[in-house]
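Student: The following block contains a protein sequence and its predicted model.
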Protein chains: 2
Amino acid sequence: MDTTTFSALSEPNRLRIVELLIHGPLTVGDIADNLELRQPQASKHLRVLLKAELVEVEAVANRRNYKLRLEPLQAMDHWLEAYRNIWNDRFNNLDIYLQKLQSENKENNDN
Amino acid sequence: MDTTTFSALSEPNRLRIVELLIHGPLTVGDIADNLELRQPQASKHLRVLLKAELVEVEAVANRRNYKLRLEPLQAMDHWLEAYRNIWNDRFNNLDIYLQKLQSENKENNDN
DNA sequence: AGGGAATATTCCTGTCAAGGAATATTCAAG
DNA sequence: CTTGAATATTCCTTGACAGGAATATTCCCT
């Protein structure tokens, strides 16, 4: 897992940008307006997201359409899998434990 | 989604600590040895992970056993869900497209 | 060609984080 | 109660990063 993804998302405004772009590509100005950022800061944050490959640009005339890239998020998802296994196991163990309790309880009632 | 989790994991050594603790609780010294960190740096990184609630401590005598906490990772997993939906949709669309191509091809062969 | 809109870049400044080195704290054992 | 092991904390220095303000760039339109 590459820390650049985490690094890019550790800045609140950049996280908000990523969350905003989930609905579709947006222009720098639109992003700045939506998040109440000044245009230069929006540009700067987008440049970081670009280097982290969390975003891609399409230039159309004067404007730049920034679009979300899913690959780094998929990598995160894949990285999480090892941990997901842990909490799933724990859930399963709890489940088995409860079933065991229940069957023991049934036996007691049968006596 | 809280940026403190991303922030904590954006430091390579801290990420390595989290990846190391997946196998079970470890002592500060063990962590430092495993990752070839100096003890004070290990302590400092653990303090950050502690504040981010990615880790918890159990003091036993002289030592401190640091143990992974899954909640922030579960939160990340939950946050990713919105994006997972996107790439699943895309996969489904591609799948449907391929099925459509296949059935059209069959029709052509039938003619 | 010139003006204005959209965006990027630069410069400056303040803040924060990380590593190194040294020191403080806490605990068990003799 | 002293020593040594394990850990935390402090101080210092350095580098990265974010925001503000100003400016540069690129493009369309007339």
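Tutor: Cool, the structure landed.

Student: For the rest of this, base every contact and every neighbour count on C-alpha atoms.
Tutor: Noted.

Student: Show me what residue of chain A gets nearest to DNA strand C.
Tutor: A:Gly29 (3.3 Å; C-alpha to the nearest atom of the strand).

Student: That residue: how many residues sit nearby?
Tutor: 19 (other C-alpha atoms under 10 Å in any protein chain shown).

Student: which residues does the closest residue to it other than its chain neighbours contact?
Tutor: Distances taken as C-alpha to C-alpha, 6 or more residues apart in numbering or on different chains put A:Gln39 closest to A:Gly29, at 6.5 Å, once the chain neighbours are dropped. Counting by C-alpha atoms under 8 Å, 6 or more residues apart in numbering or on different chains, A:Gln39 touches A:Val28, A:Gly29, A:Ala32.

Student: export the residues you listed to JSON lines and tack on distance to DNA strand D and pLDDT?
Tutor: Converted to JSON lines, these look like this (distance: C-alpha to the nearest atom of the strand, whole Å; pLDDT from 0 to 100):
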{"residue": "A:Val28", "distance to DNA strand D": "13", "pLDDT": "97"}
{"residue": "A:Gly29", "distance to DNA strand D": "13", "pLDDT": "97"}
{"residue": "A:Ala32", "distance to DNA strand D": "11", "pLDDT": "97"}
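
Student: Domain ranges for chain A, per the record?
Tutor: A:3-69, A:79-111 (automatic domain parsing).

Student: thinking again about what came up before, now the helix or strand containing the residue of chain A closest to DNA strand C: how far from the chain's centre is it?
Tutor: In this assignment (DSSP states H and E), A:Gly29 forms part of helix A:28-35. Put simply, helix A:28-35 sits 20 Å off its chain's centre (C-alpha atoms, centre = their mean, to the nearest Å).

Student: quick one: is the next helix or strand after it near DNA strand D?
Tutor: Toward the C-terminus, helix A:28-35 is succeeded by helix A:39-51 as the next helix or strand (DSSP H and E). Yes - residues of helix A:39-51 contacting DNA strand D under C-alpha under 7 Å from any atom of the strand: A:Pro40, A:Gln41, A:His45.

Student: re the thing from before, columns distance to B:Pro12 on top of the contacts of A:Gln39, output as JSON lines?
Tutor: JSON lines is the format used below for the contacts of A:Gln39 (distance: C-alpha to C-alpha, whole Å):
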{"residue": "A:Val28", "distance to B:Pro12": "31"}
{"residue": "A:Gly29", "distance to B:Pro12": "34"}
{"residue": "A:Ala32", "distance to B:Pro12": "31"}
